[in-house]
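Participant: build me a model from this:
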Amino acid sequence: MSDVSVIGLGAMGSALVIVAHPEPDAFNKAVLGELLGGLADAGVEAEVADLSHEGFDPRITHADLDHYRGVGRAPADMQREQARVDAADALIFVFPIYWWSLPALLKGWIDCVLTGGWAFVVGKDGKAQGLLSQRPVRLLATGSGDSRSYEKHGYRDAFS
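Facilitator: Next up, the predicted model:
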């Protein structure tokens, strides 16, 4: 992994690496370490958002709902995370696959941070248009099991 060209990001100046695993000795943290080494070798400045370590609260709050409804400002935690995304040229998610999905902590980050009006808009035709579409995103998901299980659930196609 120390050669980050394998994740196809090419030349970029900075990356926000979002990590969602609570265990400091987990395999995901080893993947993170290799990734950070490769990014540094490539001259990429990386900021790590270790959601568990930072105590990110993945729950939607009343303030979040008010903001979604257009009757309140974006809460401070949302603004802080959105500023981190704005400052990065690429986003890299490092997470384990839990029960054929992302960890709840990461799902909550996505729900709380990648909000309508900032990350996307919905047109009059009802179709969503991404506002962050020029920013490359990579998923480094780890899991256990055999390849048939991942094939059965469509992960081979989803992650290729």
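
Participant: which residues in this structure form helices?
Facilitator: 27-41, 51-54, 62-68, 76-86, 104-113, 147-152, 155-158 (DSSP state H).

Participant: which one of those lies closest to residue 14?
Facilitator: helix 27-41 (9.2 Å; CB to CB). Heads up, the C-betas are built off the backbone N, CA and C, glycines and all.

Participant: do you know the pLDDT at residue 133?
Facilitator: In this model, residue 133 is scored at 86, pLDDT.

Participant: likewise for the one 5 residues further on?
Facilitator: At residue 138, the model reports a pLDDT of 91.

Participant: just grab the bridge partners of it for me.
Facilitator: Applying DSSP bridges to residue 138 gives these bridge partners: residue 92.

Participant: how near is the residue at minimal distance from the centre of the chain to residue 126?
Facilitator: Centroid-nearest residue in the chain, with CA atoms, centre = their mean: residue 93, separated by 4.0 Å. Residue 93 sits 27 Å away from residue 126, going by CB to CB, to the nearest Å.

Participant: before we move on, what about residue 89?
Facilitator: In terms of CB to CB, residue 89 sits 31 Å off from residue 126.

Participant: higher neighbour count, the two?
Facilitator: Shown here are residue 89 and residue 126; by other CB atoms under 10 Å, residue 89 has more neighbours (16 against 6).

Participant: quick check: closest non-adjacent residue to the more buried one.
Facilitator: residue 12 (4.2 Å; CB to CB, 6 or more residues apart in numbering).

Participant: quick one on the thing from earlier: so what's the residue nearest to the centre of the chain up against?
Facilitator: Residue 93 makes contact with 17-18, 20, 106, 137-141, according to CB atoms under 8 Å, 6 or more residues apart in numbering.
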